[in-house]
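Engineer: please find the sequence and the predicted model below.
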Amino acid sequence: MTATKRPASAGPGGRSSSDPDPIRVSFRRYAGVRTRVLEVGEAAPDPELPRRSLRRRAATPHVKPSAPRLVLLHGYCDSADTWRPALEQLAAAGIPAVAVDLPGFGDAQPLRPGPMLPQLDAFTTAVVREQAVLGSVVLAGNSLGGTMSLRAAQNSRLPISGVVSIAAPGFVDSWLIRTVARYPLPLRLYSALPVPVPGFLVRKVAEQVVPRLLYADSSVADAVQVRRFTALFPDYRSTKSRLEQARQLVAELADAYRLESVKVPLLVVACGKDKLVTAASGRQLHTLVPHSRLLVREDWGHCPQLDDPVEIAELLTYFAASAVRTTQAKRAAATVTAAVSEDTAAG
């Protein structure tokens, strides 16, 4: 069942309009950045508590540190709301998960001047460490969120049990991303226009372009989701700023990955109708990380959590459980090996 085939009485994710919203909304601070958090399942501890209190909580009998806990990261110019339909499905299945607004997007505080990826790394690290108090963290990211998930997996010190990378850029990208990187004459002219383009015209163009970029089939795009994206481009100035930010990000992606450091289970999701990051990009990522698994869905677009939140939620649930089992088995084997080595050395 896809997002476009729900009964008319159902809301996003298939929830009846009369049902209470299972998603809790709060504001927290990670790496000095105040942001909005959408959460289902058991709540994370207050990050302001002393570390000793957090360790005691992690050791209490009612907490199951081995249970999978999903952390969902959105893409460029998106927000945590992109995961709302999938979060509703996860809540119904009893799977704990959080989605956060990345710095510079949604209701998060803006990025500081300078390189973007290191700031996003620090933020992601803080989120992972907070969530790891309650369970084994599995990161899932779409687009830029996929990049941040991969970069987090490169850090062996982070308590991550698995990663799902959906349409991460920086491998074999579409003509559109390559165009932004080259910054051709039409874009330079737009940025240098002496008279700003009227806001209503910018919004009209965005309303036509956004559904085609995000969905596999723009004719069935969710109007609420489209309005959320187009609100990012209310006028000429904001559109120009987003374009300059996108150029900086594409440049940083050229040196974004150290994939030989990724040791945790990795699921690469490639989408056949993705107009921003081609399916070939996912195939190349899978080749570069030999132990990874690859899923190619020819009927999904750039944001499959919007195309088909039901299947995405199921996919994340099954992968998370498998990844946690695999990671725990590896850690147990490593512990046994280390113990045997110590005994041999002592003898």
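Structural biologist: Perfect, thanks for sending it.
Engineer: what segments of the stretch 51-200 of the chain are strands?
Structural biologist: 68-73, 97-100, 136-142, 160-166 (DSSP state E, counting those that start in this stretch).
Engineer: separation between residue 126 and residue 229?
Structural biologist: Per C-beta to C-beta, to the nearest Å, residue 126 is found 26 Å from residue 229. (Each C-beta comes from the backbone N, C-alpha and C, glycine too.)
Engineer: make JSON lines from the strands of the stretch 51-200 of the chain and add distance to residue 116 and mean neighbour count to it.
Structural biologist: Listed next are the strands of the stretch 51-200 of the chain as JSON lines, based on distance: least, C-beta to C-beta, whole Å; neighbours: other C-beta atoms under 10 Å:
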{"stretch": "strand 68-73", "distance to residue 116": "14", "mean neighbour count": "26"}
{"stretch": "strand 97-100", "distance to residue 116": "16", "mean neighbour count": "28"}
{"stretch": "strand 136-142", "distance to residue 116": "15", "mean neighbour count": "28"}
{"stretch": "strand 160-166", "distance to residue 116": "18", "mean neighbour count": "28"}
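Engineer: and residue 32, which of those strands is closest to it?
Structural biologist: strand 97-100 (14.3 Å; C-beta to C-beta).
Engineer: pLDDT of stretch 108-117, averaged?
Structural biologist: Stretch 108-117 shows a mean pLDDT of 95.
Engineer: buried residues, that stretch. List them.
Structural biologist: 108, 111, 116-117 (16 or more other C-beta atoms under 10 Å).
Engineer: how long is it end to end?
Structural biologist: Across stretch 108-117, the terminal residues are separated by 16 Å (C-alpha to C-alpha, to the nearest Å).
Engineer: swap in stretch 92-111?
Structural biologist: With C-alpha to C-alpha as the measure, stretch 92-111 spans 34 Å from end to end.
Engineer: now stretch 262-271
Structural biologist: Using C-alpha to C-alpha, the end-to-end distance of stretch 262-271 comes out at 22 Å.
Engineer: buried ones in that stretch?
Structural biologist: By 16+ other C-beta under 10 Å, the buried positions in stretch 262-271 come out as 262, 264-271.
Engineer: of the buried residues of stretch 108-117, just say which sits nearest to residue 238.
Structural biologist: If you rank the buried residues of stretch 108-117 by distance to residue 238 using C-beta to C-beta, residue 111 comes first, at 14.6 Å.
Engineer: what's the neighbour count on the nearest residue to that closest one once chain neighbours are set aside?
Structural biologist: In space, and not counting its chain neighbours, residue 111 is closest to residue 104: 3.9 Å by C-beta to C-beta, 6 or more residues apart in numbering. Counted by other C-beta atoms under 10 Å, the residues lying close to residue 104 total 21.
Engineer: residue 104 against residue 112, yeah?
Structural biologist: No - the criterion here is C-beta atoms under 8 Å, and residue 104 misses it with residue 112 at 9.3 Å.
Engineer: roughly how far does residue 156 sit from residue 260?
Structural biologist: Residue 156 sits 12 Å away from residue 260, going by C-beta to C-beta.
Engineer: likewise for residue 296?
Structural biologist: Distance of residue 296 to residue 260, computed by C-beta to C-beta: 24 Å.
Engineer: got it, and residue 272?
Structural biologist: Distance from residue 272 to residue 260, by C-beta to C-beta: 28 Å.
Engineer: then residue 123?
Structural biologist: Counting by C-beta to C-beta, the gap from residue 123 to residue 260 is 24 Å.
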